[in-house]
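*Asks:* Using only what follows, build the 3D model:
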Amino acid sequence: MLARNVTRSTVLAREVRTARAFRRRLRGLMLTPALAPGAGLLIERCSGIHTCFMRFAIDAVFLDREGVVVAVVQGMRPWRFGRLYRGARRVLELPAGAAAASGTRAGDRVSFEGEGDSPV
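*Replies:* Residues are numbered from 1 along each chain as shown. Modelled structure (predicted):
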């Protein structure tokens, strides 16, 4: 699935997988060797993350129900606990630097093309 920043007409990720099931949401990117450029993981029913057991830094884009960006955390290093973001319902985890490269910031609207096609 493709993730677009509609507000800025940029692409956040070209290959986004979705974590909907409890176990997949719990695991997230833990123990994943790397997140390829252009890849991402959309975690449903999520308002806070951690990077325990991860081997690389990530950007995290927190979204509300309508796809509006609530917060962007850039370069979250391994073994960190993030805060909970009020109003966030899902989080898009991206390779470090992807959020800045797309110009994504709070208040932007993100859309997903092919949403629901790639559940994990």
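
*Asks:* make it CA atoms for all contacts and neighbour counts henceforth
*Replies:* Fine.

*Asks:* The spatially closest residue to Ile49 that is not a sequence neighbour: how many residues sit nearby?
*Replies:* Distance criterion CA to CA, 6 or more residues apart in numbering; nearest residue to Ile49, sequence neighbours excluded, is Gly82 at 5.5 Å. Residues near Gly82, counting by other CA atoms under 10 Å, number 14.

*Asks:* Contacts only, for Gly82.
*Replies:* Contacts of Gly82 were listed using CA atoms under 8 Å, 6 or more residues apart in numbering, and they are Gly48, Ile49, His50.

*Asks:* Which of these fall within helices?
*Replies:* Applying DSSP state H to the contacts of Gly82, no entry is found in helices.

*Asks:* got a winner among the residues you listed for most neighbours?
*Replies:* For those, the largest neighbour count, defined by other CA under 10 Å, is 21 neighbours, found at Ile49.

*Asks:* What strands flank the longest strand along the chain, and is each parallel or antiparallel?
*Replies:* Of all the elements of type strand in the chain, the one with the most residues (DSSP state E) is strand 69-76. As defined by DSSP bridges, the strand partners of strand 69-76 come to strand 58-63 (antiparallel).

*Asks:* Buried residues in the worst-scoring helix or strand of the chain on mean pLDDT, which are they?
*Replies:* Among the helices and strands of the chain, helix 22-27 carries the lowest confidence by mean pLDDT, DSSP states H and E, at a mean of 86. For helix 22-27, a neighbour-count test (16 or more other CA atoms under 10 Å) marks Arg25 as buried.
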